[in-house]
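sequence first, predicted coordinates after that:
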Amino acid sequence: MEHTLQEDLIGKYLSGELSAREEGELMAWVEASAQNREVFEETVQLWSLTETSTQSEFPVNLPKAWAALDSRIDLGEDTLVAEPVVSIAKPALQVLSQPRVRSLNWAWSAAAAVAVLLVASWWVFMRDTTPETLAFSTPDNESRSITLPDHSQIELNENSSLSYTFDGDTRKVTLSGEAFFDVEKDPQHPFVIETGEVQTKVLGTSFNIRAYPDEKKVKVSVKTGRVEMRKVEETPQKATPALELRPGNTGVYANESATLEKAQDVAIEDVDSWQQGAIVFPTGTTLAEVIPAVEKFYNIKIKADETILNATISGARFSRDMSVQDALNLIKDPIGGKLTAEGDVFVISRGGQ
């Protein structure tokens with residue numbers, strides 16, 4: 001059986017081949033009844049979705065979909081069908097009442113309706129199975145307090161970005177920069193933070209992670225509880241032993257050497273000292289680690305002679321109320337260094353050079 005005129009007009013509409021006169025006829029048919037409009041809108045929606053969808057298979061109850069469609073077709077009501085009446089001045093439509101008859105016309109509409117049901121089922125499936133991602137970031141001189149859906153608390157330091165997803169099993173955070181975490185305890189749903197090549201896994205604890213890309217290392221310091229810090233490996237055979245960190249412990253991953261090791265312990269109260277407007281370095285910290293952090297903290301530029309970068313300090317605390325000059329003196333004085341300036345860059349070199 002041939003397609004009806006309405007089917008042909010809808011096909012031309014979707015393919016962009018509809019003339020102005022035909023468009024008038026089609027729109028008059030659409031407006032002739034609520035059912036006509038529903039069929040038209042569902043077909044347009046289906047056309048749009050099937051052109052762009054690239055998703056894989058999804059579960060759907062086809063028998064249920066067909067049953068719903070049959071009940072819709074067999075309501076026993078008359079259907080309105082618009083037939084065009086040719087007019088030179090303006091297209092007009094005459095609405096005729098006809099008994100509902102199963103035909104290829106209805107098969108075409110049925111196929112479209114079932115397809116729409118499939119698309120709707122796909123949408124619901126994807127909505128329920130695709131984990132939601134939350135993203136946060138901070139600019140210069142600005143931190144941010146974040147409460148995750150699981151009630152975990154995060155303090156995100158300046159110049160940092162963080163994203164969070166929950167797939168039903170694991171609470172996952174990706175971090176670039178620095179943040180202090182107070183994780184809600186939930187043994188059934190581990191909390192995992194990924195920072196480049198390092199993964200930190202916890203069940204419920206509080207700790208700080210510093211992972212600014214330009215500092216070329218990831219540092220994890222624990223305030224309460226216990227965390228596991230490990231390198232993300234390509235294969236189990238190449239796995240690097242994980243570090244178990246307890247309160248006061250610090251683990252450091254060096255990007256360049258791909259090494260993971262424990263560092264000097266820190267005082268519990270200094271784990272998140274940046275939240276109190278200070279940064280603290282324990283004895284044994286190298287200037288190669290101190291200088292980039294001080295640059296960020298005071299928003300200044302420091303150039304250091306390479307011969308002093310491996311020198312260590314005996315412990316230092318830098319605070320927001322400390323002048324830049326005093327902060328630079330804390331760096332240069334222990335090594336007998338010299339401070340000069342090149343434009344807006346502070347230069348630290350060994351004394352006598």
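Structure received.

what sits against the closest residue to residue 290 other than its chain neighbours?
Distances taken as Cβ to Cβ, 6 or more residues apart in numbering place residue 281 nearest to residue 290, at 5.6 Å, with adjacent residues excluded. The way it works is simple: take the backbone N, C-alpha and C, and place the C-beta from them, glycine included. The neighbours of residue 281, taking Cβ atoms under 8 Å, 6 or more residues apart in numbering as the test, are 289, 290, 293, 313, 315, 316, 317.

now the element after the helix or strand containing residue 221, going C-ward?
In this structure, residue 221 sits in strand 217-224 according to DSSP states H and E. The C-terminal neighbour of strand 217-224 among helices and strands, as given by DSSP H and E, is strand 227-231.

pairing-wise in the sheet, spell out the partners of the residue nearest to the spatial centre of the chain.
With distances taken as Cα atoms, centre = their mean, residue 133 lies nearest the centre of the chain, 4.0 Å away. On the basis of DSSP bridges, residue 133 takes part in beta bridges with residue 165.

that one: what's it in contact with?
Residue 133 makes contact with 163, 164, 165 under the criterion Cβ under 8 Å, 6+ apart.

how about those residues in TSV, adding neighbour count?
Converted to TSV, these look like this (neighbours: other Cβ atoms under 10 Å):
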residue	neighbour count
163	15
164	23
165	15
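
and which of the residues you listed is nearest to residue 254?
Nearest to residue 254 out of these is residue 163 (Cβ to Cβ; 24.4 Å).

which stretches of the stretch 101-250 of the chain have low pLDDT?
Within the stretch 101-250 of the chain, the stretches with pLDDT under 70 are 101-132, 234-239.

would you list every one of the helices in it?
For the stretch 101-250 of the chain, applying DSSP state H, counting those that start in this stretch gives helices covering 104-129.

and stretch 27-47, which residues are buried?
Neighbour counts over stretch 27-47 (16 or more other Cβ atoms under 10 Å) mark 28, 29, 30, 32, 36, 39, 40, 42, 43, 46, 47 as buried.

neighbours around the closest residue to residue 244 other than its chain neighbours, how many?
Spatially, and ignoring its direct neighbours in sequence, residue 244 is nearest to residue 228 (5.8 Å; Cβ to Cβ, 6+ apart). The number of residues packed near residue 228 is 17, by other Cβ atoms under 10 Å.

before we move on, what about residue 315?
Neighbourhood size, residue 315 [other Cβ under 10 Å]: 13.

pretty sure it sits against residue 290.
No. Using Cβ atoms under 8 Å, residue 315 is not in contact with residue 290; the gap is 10.9 Å.

can you list contacts of stretch 240-258?
196-198, 207, 216-231, 233, 259-268, 271.
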